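Trainee: next input, structure requested:
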Amino acid sequence: MLDYIHSYLLSHKDFIETFAYLATVFAFLVPLPAFVITASIKVYSEKRDRAFGLLDRMNTNDSTNLRNQVSKIFAENEQFGACEFEKLKFEDAMVLHAYLNENELIALQLNTSRVERRLFYRYWRSEYIGDWNKISKYIYWLRKFLNNDKIANEWELAAKAAKKAK
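Mentor: Numbering: from 1, shown residues only. Okay, the predicted model is just below:
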């Protein structure tokens, strides 16, 4: 019996090698699309989870209080001009800088595609653009005052992208 199998394998050597080659190729090709699809779904779900995490962070009491404090500062000083920013109280300037840093971090995540933008824009697009419009005069003044064009640059780019998004 073993002699028969051995002789069969020797007589059909080319067929067996071809079959082994095809089996090897299919072993790599068949799972490849499934791997690519699974990897794409995983990357998307990670971005979505980061977007939800970012939205949760923006809905915390600390973040809401910070936004309210900034609104209050600008409401008290309705007609801010370049010279009035120099008269800004130290505490108010610290609130504005904390707010600026928080939004710069959000913008960095949006600009580097670490979060799902469409999801973020669905929930926060108008507020995010409104926040930029509200504080942009102060940022332009701060850039000029400190002679640094990179201050809140990421936020400005993210706000422009949010305006273009539909």
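
Trainee: what is the neighbour count of residue 152?
Mentor: By other CB atoms under 10 Å, 24 other residues sit near residue 152. In this view, the C-beta of every residue, glycine as well, is placed from N, C-alpha and C.

Trainee: ignore what I typed, I meant residue 106.
Mentor: So residue 106, with other CB under 10 Å, has 23 neighbours.

Trainee: distance of it relative to residue 33?
Mentor: From residue 106 across to residue 33, the span is 35 Å (CB to CB, to the nearest Å).

Trainee: over to residue 150. Which of the three states is it?
Mentor: Recorded secondary structure, residue 150: coil (DSSP: H, G, I helix; E, B strand; the rest coil).

Trainee: what are the phi and psi angles of it?
Mentor: phi -90, psi 0 (degrees, to the nearest 10).

Trainee: and it, what's its pLDDT?
Mentor: As predicted, residue 150 sits at a pLDDT of 91.

Trainee: same deal with residue 103?
Mentor: Residue 103 is assigned a pLDDT of 90 by the prediction.

Trainee: burial of it, as a residue count?
Mentor: As a burial measure, residue 103 scores 24 neighbours (other CB under 10 Å).

Trainee: does it touch residue 131 like I think?
Mentor: Yes. When contacts are counted by CB atoms under 8 Å, residue 103 is listed as touching residue 131 (6.4 Å).

Trainee: strands along this structure, start to end?
Mentor: In the chain, no strands are defined using DSSP state E.

Trainee: longest helix in it, please.
Mentor: If you go by DSSP state H, the chain has its longest helix at helix 117-146.

Trainee: for the record, mean pLDDT for that helix?
Mentor: The predicted model assigns helix 117-146 a mean pLDDT of 87.

Trainee: list the buried residues in it.
Mentor: 117, 119-121, 124-125, 128-129, 131-132, 135, 138-143 (16 or more other CB atoms under 10 Å).
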